[in-house]
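>>> sequence and predicted structure, then a few things I'm wondering about:
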Amino acid sequence: MKSLNLILVFVFSFYSLAEEGRLGREPNEYKYTSIGIDIIQTDETGIGAKISFALPGPLYAVLERRAEGVDKDTESYDRIINGARIGAQIGIGDLLSNVSTKGMSLGIKNFFDVYGELGIKSVAIDGDINSFSEDDAHAHLVGGIRFGDSNGWEGKIFIDYSKESEVIIKPCPDNQICPRIIEYVLSNKTDQKFGAGILYNINNRSAVTFELISSKVLDSSLKIGYQINF
């Protein structure tokens, strides 16, 4: 219950920051067609790029590529992630309007949108000593809520499920002599990430983004980006 209250405070605080009608849009006229670039900060600095475009109805598609820095004590690696997802977004009022009791509509307003994205992603890790790649792709699921005013500030809270890869040092068996060169292997674990982000629409064509993500497997990350809307 405490977490729910914090989320509700976060949601409604954005409405107080809204600049109603500043860009001549409807409040929930969110942009689905855009190109963005991000700076990603963990222990090391990485970079990412994303393309999103609208599809018929409530559907949209997302293509992304990220290169995140991985500091494994004395070595530096880049985790390269390629992903593609199909998403759908709908206002909570529109979603629940299909639910009725004895023909009576619930009549709930769209004070936030819900969205879900399903797709695949692949991971490769490049380093000065060893490089790894995965030929198979893993399922990737993202879901959450989106709120705010498309004329100014927007916000989102989401959860992200997928298998994640990390670099681990291959241990030397007991009573054996191992080579001096350190061997690394990839470890696949199912990861559960929680994130929150804000977006400010500078004008009808551009926006800045800020996103914070926590992970059960990897380090938490901070992402700052610039987005061009179409």
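Done, it's in.
>>> stretch 195-213: how far from the chain's middle?
Computed by CA atoms, centre = their mean, to the nearest Å, the chain-centroid distance of stretch 195-213 equals 12 Å.
>>> okay, now the unreliable bits of this protein?
Filtered on pLDDT under 70, the chain yields the residue ranges 1-21, 70-76, 98-107, 127-136, 166-170, 178-187.
>>> and the strands in it?
In the chain, the strands defined using DSSP state E lie at 34-41, 45-54, 59-72, 75-91, 100-101, 104-105, 113-127, 132-133, 138-148, 153-169, 184-201, 206-215, 221-229.
>>> ok, the residue sitting furthest away from the middle of the chain - contacts?
Distance from the C-alpha centroid of the chain peaks at Asn175, with 45.3 Å (CA atoms, centre = their mean). If you count contacts by CB atoms under 8 Å, 6 or more residues apart in numbering, Asn175 has none. Backbone N, C-alpha and C define where each C-beta goes, glycine included.
>>> backbone torsions only: list them for it.
phi 60, psi 30 (degrees, to the nearest 10).
>>> distance of Asp191 from Ser220?
Going from Asp191 to Ser220 by CB to CB, to the nearest Å gives 12 Å.
>>> cool, and Arg25?
Noted for Arg25: a distance of 33 Å to Ser220, by CB to CB.
>>> please say which of these two ends up with more neighbours.
Arg25 (16 against 13; other CB atoms under 10 Å).
>>> isn't that one up against Gly148?
No: using CB atoms under 8 Å, Arg25 is not in contact with Gly148, being 11.7 Å away.
>>> residues near Leu199, how many?
Neighbours of Leu199 (other CB under 10 Å): 22.
>>> tell me how far the closest residue to it other than its chain neighbours lies from Ile145.
Nearest residue to Leu199, sequence neighbours excluded (CB to CB, 6 or more residues apart in numbering): Glu154, at 4.4 Å. Using CB to CB, Glu154 is found at 11 Å from Ile145.
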